[in-house]
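Chemist: Build me a model from this:
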Amino acid sequence: MEMYIGEGFEGNGVNASHINIMIGPRSGVVGQAFSSSLASPSQGHCPFMVVIKPNVPAKPMTLYVNKAEISGELHGNATWGASQAAIAKAVTEALLDGTLPPEAEDNWCIVTANWVNPGCNDIDAVYHNNYRACRQAIRAAMGKLPQRGQIADALPQLGNPFYTPKA
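Modeler: From the prediction side, this is the model:
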């Protein structure tokens, strides 16, 4: 039983997106994480099923876990609306275009951990950044990226949007 893990980051500032993803068989550790997360909401973090539209969930079944506690109406709409729609599109396209194998449709599941900044101010930018970050995370997971050479090449450029060490 395999578990594929990926990461995607897209955008700048308050509308940027960061997504961590786990993909794998329902009968394995990803399925266990999926069911445990769905059954164990915590204060401010209520995992939910990703839908293309009401009553039509994305396939493979995908669980959305918010990294940031919902903070106001715009942030809620950005999370439950724009970000969720972006994840649904990215997952569905990955299934339909063959990025995910055919058995993923009914036998695998996905868990996403998604950052939507409480200070976001452009719901369309949130949508586009979440879509691109999720596609990137899925491709990275399925391609088992990064490769050793990529991490060796990246190490001298160590940093992230919140901190870059001084040389």
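
Chemist: mind listing the helices in this protein by residue range?
Modeler: 29-39, 73-76, 84-96, 104-107, 123-142, 148-154 (DSSP state H).

Chemist: so which of those gets nearest Met61?
Modeler: Nearest to Met61 among these is helix 29-39 (7.4 Å), distances taken as Cβ to Cβ. Just so you know, the C-beta spots here come from the backbone N, C-alpha and C atoms, and that holds for glycine as well.

Chemist: which other helices and strands contact that closest one?
Modeler: Helix 29-39 is packed against strand 17-25, strand 61-66, strand 108-116, with contacts defined by 3 or more Cβ pairs under 8 Å, 6 or more residues apart in numbering; DSSP states H and E.

Chemist: Of all the ones you listed, which one comes closest to Lys166?
Modeler: Proximity to Lys166, assessed across the helices and strands packed on helix 29-39 by Cβ to Cβ, is greatest for strand 17-25 (23.5 Å).

Chemist: pull the CA atoms of the closest one into CSV?
Modeler: Extracted in CSV, the C-alpha atoms of strand 17-25 (Å, rounded to 0.1, in the frame of the first residue of the first chain):
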residue,chain,number,x,y,z
SER,A,17,-1.9,29.2,-1.1
HIS,A,18,0.0,26.4,0.6
ILE,A,19,-1.2,22.9,0.3
ASN,A,20,0.1,19.6,1.7
ILE,A,21,-1.5,16.5,0.2
MET,A,22,-1.6,12.8,1.0
ILE,A,23,-2.9,10.4,-1.7
GLY,A,24,-3.3,6.7,-1.5
PRO,A,25,-5.6,3.6,-1.1
